[in-house]
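Enquirer: predicted model, plus sequence, below.
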Amino acid sequence: MLPLGGVCSSPLASIVNAQSSVRGNLHLMNQISVADILELPVQERIQLVEVIWESIAAFPSAIEVSPELKTELEARLADFERNPEAGYSWDQVKAHLKSGAWRTA
């Protein structure tokens with residue numbers, strides 16, 4: 001299979017080409033089965049997830065946030081604004097993840 005930018009008739013190439021030329025057109029997905037997607041190499045499935053995520057992120061207003069989640073996010077933001085030094089730095093989080101310590105928590 002050719003890379004994403006190459007000429008290829010794989011299901012992923014079809015999805016990417018359709019996404020770049022006809023944004024929002026879902027009829028192509030009816031032609032591609034989950035089995036076809038699962039047969040793709042891992043790297044191509046990751047690229048497919050990226051394409052899907054970018055298509056979702058392009059329209060953030062289309063994502064509904066429940067009132068409960070809005071309340072929770074507002075409370076967390078208020079906590080942060082009251083005490084921005086609480087919590088962990090990005091470097092601490094990365095070190096924690098790299099150490100594998102999160103697996104035992």
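Expert: Nice, I can see it. Numbers count the residues shown, from 1 in each chain.
Enquirer: list phi and psi for N83.
Expert: The phi/psi pair for N83 (degrees, to the nearest 10) reads phi -150, psi 80.
Enquirer: phi and psi next, for the residue nearest to Y88 when sequence neighbours are not counted.
Expert: Of all residues not flanking Y88 in the chain, H96 sits nearest, at 7.4 Å (Cβ to Cβ, 6 or more residues apart in numbering). Placement of C-beta: from N, CA and C, glycine included. Main-chain dihedrals, H96, degrees, to the nearest 10: phi -60, psi -40.
Enquirer: if I look at H96, how far off is A75?
Expert: Plainly put, H96 is 24 Å away from A75 if you go by Cβ to Cβ, to the nearest Å.
Enquirer: follow-up on the earlier one: so for the residue nearest to Y88, what's the pLDDT?
Expert: With respect to pLDDT, H96 scores 89.
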